[in-house]
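Trainee: everything below, folded, please.
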Amino acid sequence: MRTLDEIRDFFAKDKYATEVTGIEIIKAEPGHSQVRLTIDDRHMNAVGSLMGAVFFTMADFAFAVAVNSDIDSEYVTVTLQSSISFMRTVNSGTLTAKADLVRDGRSTCVYEICIYSDDNKELCRVITTGSKIRKK
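Mentor: Sure thing, here's the model as predicted:
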């Protein structure tokens, strides 16, 4: 198993999540991850709320880190399908996304990703199905 710093270095290649959006990896292990984002002006929509795409990007990145944290594996898992339910929004603070394995099958897997506000209120929930692909 790689160290958290090695996993962060690997996922730094995901420029959209890490550089453009500013998401950082807090915890990474097979089947579970936590990522964090501090909200700033670039994350806001025209009416002053957090853009829905920010929630989705966080959830998708948390899924990617949890499912692919064994970076030496002969497989990579990609998103096959996602469903997102928005419960409330925020316009400031720090968000935490937690991804957890629900089911791990031979060729697919299912994860639940929940995103929380600073005061631990659930903001959205995402269910993602992943497809396992052998690396070339």
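Trainee: in the protein, which residue is most central in space?
Mentor: A62 (1.9 Å; C-alpha atoms, centre = their mean).
Trainee: for it, give me the pLDDT.
Mentor: Looking at A62, its pLDDT reads 98.
Trainee: give the next helix or strand downstream of the longest helix belonging to the chain.
Mentor: Determined from DSSP state H, the single longest helix within the chain is helix 52-68. Sequence order places strand 75-86 as the next helix or strand after helix 52-68, per DSSP states H and E.
Trainee: which residues outside that following strand are in contact with it?
Mentor: For strand 75-86, contacts defined as C-beta atoms under 8 Å, 6 or more residues apart in numbering pick out 52, 55-56, 59-60, 63-64, 67-68, 108-109, 123-135. C-beta: built from backbone N, CA, C; applies to glycine.
Trainee: which residues of the chain fall in strands?
Mentor: Along the chain, counting by DSSP state E, strands occupy 24-29, 32-38, 75-86, 94-104, 108-116, 122-134.
Trainee: now render the ones you listed as JSON lines, adding mean pLDDT, distance to A46 and mean neighbour count.
Mentor: What follows is the strands of the chain, written out as JSON lines (pLDDT from 0 to 100; distance: least, C-beta to C-beta, whole Å; neighbours: other C-beta atoms under 10 Å):
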{"stretch": "strand 24-29", "mean pLDDT": "97", "distance to A46": "27", "mean neighbour count": "18"}
{"stretch": "strand 32-38", "mean pLDDT": "98", "distance to A46": "20", "mean neighbour count": "21"}
{"stretch": "strand 75-86", "mean pLDDT": "96", "distance to A46": "17", "mean neighbour count": "14"}
{"stretch": "strand 94-104", "mean pLDDT": "98", "distance to A46": "20", "mean neighbour count": "18"}
{"stretch": "strand 108-116", "mean pLDDT": "98", "distance to A46": "21", "mean neighbour count": "20"}
{"stretch": "strand 122-134", "mean pLDDT": "97", "distance to A46": "19", "mean neighbour count": "17"}
